[in-house]
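Novice: Give the three-dimensional model of this entry:
(one chain, ligands or ions: 1)
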Amino acid sequence: MATLEPWKTFLLESIRNVPDFPRNGVQFKDITTLVGNPKAFKIVIDHLAERYKNANIDFVVGSEARGFIFGAPLALAIGAGFTPIRKPGKLPYTTASEKYSLEYGFDEVQIHIDAFSAVKNARALFVDDLIATGGTAEASIKLIERVGAKCVEAAFAINLFELKGDEKIKKLTNFYAILEVEGD
Ligand code: AMP
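Specialist: Below you'll find the predicted structure:
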């Protein structure tokens with residue numbers, strides 16, 4: 001396996017693994033330790049800003065709640081607007097919704113129907129901290145396109161590649177992750 005660049009090793013080491021959260025058998029990747037370290041947080045935002053600064057992105061779209069942490073500073077850094085995708089009942093104006101299945105039951109995400117109306121043929125970038133099965137990102141990308149923007153790429157700090165969420169996303173848009181991580 002190729003050696004990881006030192007800055008990526010540094011980022012990986014700044015993420016805390018919490019076993020058995022939120023339930024038995026899940027290794028939770030806790031990014032509060034990454035964003036709590038100003039050097040690590042800046043590396044992530046600077047890296048994504050470099051990648052997208054000339055991509056003509058009108059809106060960075062982040063999903064509740066950790067997508068907000070990376071999405072908002074990235075939007076400012078590249079001169080784009082920020083659009084939140086939220087859990088049901090949180091957005092105050094008229095929303096569009098998308099349901100997606102989980103291991104047990106389903107979940108739902110929502111966006112304001114006029115989120116992109118200020119820009120004709122808006123170009124959106126979807127951002128989240130981590131992709132696991134890809135269900136949240138897939139539903140979010142569908143929502144973005146349903147309310148009138150083109151989702152030009154989906155970007156993540158961490159890809160749990162064994163869960164193959166990236167394969168789902170590549171059917172819909174371009175995929176990018178800073179860190180490829182084993183495990184669930
Ligand atoms: P998924 O829809 O399965 O791709 O799950 C992605 C969402 O759940 C993201 O918003 C992640 O923040 C969160 N998530 C899922 N699995 C983990 C994990 N092992 N560690 C941290 N966050 C996770």
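Novice: Quick one: end-to-end distance for stretch 123-138.
Specialist: Criterion C-alpha to C-alpha, to the nearest Å; first-to-last residue distance in stretch 123-138 is 17 Å.
Novice: chain center to that stretch: distance?
Specialist: For stretch 123-138, the distance between its averaged C-alpha position and the chain's averaged C-alpha position is 4 Å (C-alpha atoms, centre = their mean, to the nearest Å).
Novice: So is that stretch next to the ligand?
Specialist: Yes: using C-beta under 6 Å from any ligand atom, we find that stretch 123-138 touches the ligand at 128-137. Where you see a C-beta, it was placed from the backbone N, CA and C, and this is true even at glycine.
Novice: name the helices or strands packed onto the longest strand along the chain?
Specialist: Longest among the strand segments of the chain by residue count, using DSSP state E, is strand 150-160. Under the contact definition 3 or more C-beta pairs under 8 Å, 6 or more residues apart in numbering; DSSP states H and E, strand 150-160 sits against helix 38-52, strand 123-131, helix 135-146, helix 165-170, strand 174-181.
Novice: tell me what the shortest one is packed against?
Specialist: Helices and strands in packing contact with helix 165-170 are listed as strand 123-131, helix 135-146, strand 150-160, strand 174-181; criterion 3+ C-beta pairs under 8 Å, 6+ apart.
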